[in-house]
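K.L.:
Structure, please.
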Amino acid sequence: MKKRGTSCFRLIAFALTFSSSCGFYLIADYYMDPDLGSAFGGVCNKRVEDACAFLNSHLDLLGFTDYSNNVDCMMVFDAGKMAGAKFKFEWQFFNLEAGDCSKDYLAIYDADMSAISSSNLVGKFCGHNGVNFNGTPTDRYMTMVFHTDGSNTKSGFRLKATRYEPAPCQSEEFFCNDTMINNICIDDRLVCDGTQHCSDNTDELNCSFIDELLGSFFALGLGGMVMSSMACIAGCAGLWTVVGALTCCKKCCVKCCCCWPCCKKCKGGSGNSKVEPTTEMGDCDLELSPPPTYRENTKLEDDIEWDDVEDEVQNEDNARIGSESPKSNLADVE
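P.N.:
So this is what the prediction gives:
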């Protein structure tokens, strides 16, 4: 297990290095879960200054678990000091406990976390598809507050945040003719990364096959890449296990690594398959003896009759010689 985990981390490290050297931007996954540290994407009471990032309610690599109870997490998107720099937000999905948003909710403030108040509250959202906020903050900051109580839980939310600046674009930026926000510039590394950032999808047009292939992998984010790597390792391990078992049984159970019926056949027991003895049996160590001759296994019918005749003649001769006296023999001679 340790070796597989090491291989997984090596694969991620390689992906990070490769993406940086080839100009791809690896989109990070952040989680509003107080139990997760920064090394695993935990972002409570922290700032996000990425060119693009995914914000999730909780870590759910398999997609089967809900967020936790009694969560209180606050974080802020910071677009930086560049004039006019902001974040635009697009919701991937949203599903919190329904109601009056007093139990589980996501509150969004158009301000830094140190300056949030009711005056800059954009909204408090809950329920299924309850977020009717799409757009950008009026300032460089956007603060998110995630709260849950001790009752029901749901699948949570996932948000994509893309940092942009107003036109004209710089040398390392891409002009995005966005329909939501006109004439904006995004990081040039986000082009052909497998994720749509411009509403008209111009950032994913005219991409080569290699760009689309690698971009689709990097678009999974760190969480998706980890899950894909684990699934790949598990699949390869399972495949090699099946191949090894079949190969082992085919070679007459080397060291009896297969199931016991196969080993039983290998040792000469009963079974449907016939194991032909060979001089190269690997580690089976079978003691082979020469096959018995035909005469050792059975006798011909003629042999059996001739043996009986010889036995009868011999018995008659012995009986006759023993019954005659010397006198009678002498008389016969005379």
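
K.L.:
Name whatever forms a beta bridge with the closest residue to Ile116 other than its chain neighbours.
P.N.:
Residue nearest to Ile116 in three dimensions, not counting chain neighbours: Tyr109, with 4.1 Å by C-beta to C-beta, 6 or more residues apart in numbering. C-beta: built from backbone N, CA, C; applies to glycine. Applying DSSP bridges to Tyr109 gives these bridge partners: Leu121, Thr143.

K.L.:
Let me know whether Tyr109 touches Leu121 as I believe.
P.N.:
Yes - with contact defined as C-beta atoms under 8 Å, Tyr109 and Leu121 form a contacting pair (5.6 Å).

K.L.:
ok, these two, which is more surrounded?
P.N.:
Neighbour totals were compared for Tyr109 and Leu121, and Tyr109 leads with 24 against 15 (other C-beta atoms under 10 Å).

K.L.:
ok, Met142 touching Phe77?
P.N.:
Yes - distance between Met142 and Phe77: 4.5 Å, which falls inside the contact criterion (C-beta under 8 Å).

K.L.:
Which one of these two is surrounded by more residues?
P.N.:
More crowded of Met142 and Phe77, by other C-beta under 10 Å: Met142, with 26 against 23.

K.L.:
give the contact list for that one.
P.N.:
76-77, 87, 89, 108-110, 161 (C-beta atoms under 8 Å, 6 or more residues apart in numbering).

K.L.:
Lowest-confidence member of those, which is it?
P.N.:
The member of the contacts of Met142 with the lowest pLDDT is Phe89, at 91.

K.L.:
and that residue, what helix or strand is that in?
P.N.:
Following DSSP states H and E, the helix or strand that holds Phe89 is strand 86-95.

K.L.:
Packing partners of that strand?
P.N.:
strand 156-166 (3 or more C-beta pairs under 8 Å, 6 or more residues apart in numbering; DSSP states H and E).

K.L.:
can I get the CA coordinates of the strand it packs on in CSV?
P.N.:
What follows is strand 156-166, C-alpha atoms only, in CSV (Å, rounded to 0.1, in the frame of the first residue of the first chain):
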residue,chain,number,x,y,z
GLY,A,156,-23.0,20.1,-1.3
PHE,A,157,-21.8,22.4,-4.0
ARG,A,158,-19.0,23.0,-6.5
LEU,A,159,-18.0,26.4,-7.8
LYS,A,160,-15.6,27.4,-10.6
ALA,A,161,-13.9,30.8,-10.1
THR,A,162,-11.9,32.4,-12.9
ARG,A,163,-9.8,35.5,-12.3
TYR,A,164,-9.9,38.1,-15.1
GLU,A,165,-8.8,41.7,-15.9
PRO,A,166,-10.3,44.3,-18.1
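
K.L.:
mind giving me the domain ranges of the chain?
P.N.:
2-231, 255-321 (automatic domain parsing).

K.L.:
Compare the mean pLDDT across these and name the weakest.
P.N.:
domain 255-321 (a mean of 54).

K.L.:
Let me see the ranges of the helices in the stretch 151-300 of the chain.
P.N.:
209-218, 221-250, 260-266, 294-297 (DSSP state H, counting those that start in this stretch).

K.L.:
all strands for the chain, in order.
P.N.:
28-31, 47-48, 52-56, 72-78, 86-95, 105-109, 121-125, 141-147, 156-166, 173-176, 184-187 (DSSP state E).

K.L.:
Quick one: residues in contact with the fifth one.
P.N.:
Yep, that's strand 86-95 we're talking about. Outside strand 86-95, the residues that touch it by C-beta under 8 Å, 6+ apart are 54, 77, 79, 106, 125, 127-131, 133-137, 139-140, 142, 154-164, 178, 180-181, 184.

K.L.:
The same query, at a cut-off of 7 Å, please.
P.N.:
With C-beta atoms under 7 Å, 6 or more residues apart in numbering as the test, strand 86-95 has contacts from 77, 79, 128-131, 134-137, 140, 142, 154-164, 180-181.

K.L.:
returning to what we had before: now the contacts of Met142 as TSV including distance to Phe64?
P.N.:
Compiled in TSV, these are given as follows (distance: C-beta to C-beta, whole Å):
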residue	distance to Phe64
Val76	30
Phe77	28
Phe87	30
Phe89	26
Ile108	27
Tyr109	32
Asp110	34
Ala161	25
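
K.L.:
just to revisit the earlier point, list the buried residues in the strand holding Phe89.
P.N.:
Buried residues in strand 86-95, defined by neighbour count with 16 or more other C-beta atoms under 10 Å: 86-89, 91, 94-95.

K.L.:
Can you dump the C-alpha atoms of it in PDB for me?
P.N.:
Presented in PDB, the C-alpha positions along strand 86-95 are these (Å, rounded to 0.1, in the frame of the first residue of the first chain):
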ATOM      1  CA  LYS A  86     -11.900  40.400 -10.200                       C
ATOM      2  CA  PHE A  87     -13.300  36.900 -10.200                       C
ATOM      3  CA  LYS A  88     -16.200  35.600 -12.100                       C
ATOM      4  CA  PHE A  89     -18.100  32.600 -10.700                       C
ATOM      5  CA  GLU A  90     -19.900  29.700 -12.400                       C
ATOM      6  CA  TRP A  91     -21.700  27.000 -10.400                       C
ATOM      7  CA  GLN A  92     -21.200  23.400 -11.300                       C
ATOM      8  CA  PHE A  93     -23.900  22.200  -8.900                       C
ATOM      9  CA  PHE A  94     -25.500  23.300  -5.700                       C
ATOM     10  CA  ASN A  95     -27.500  21.200  -3.200                       C
END
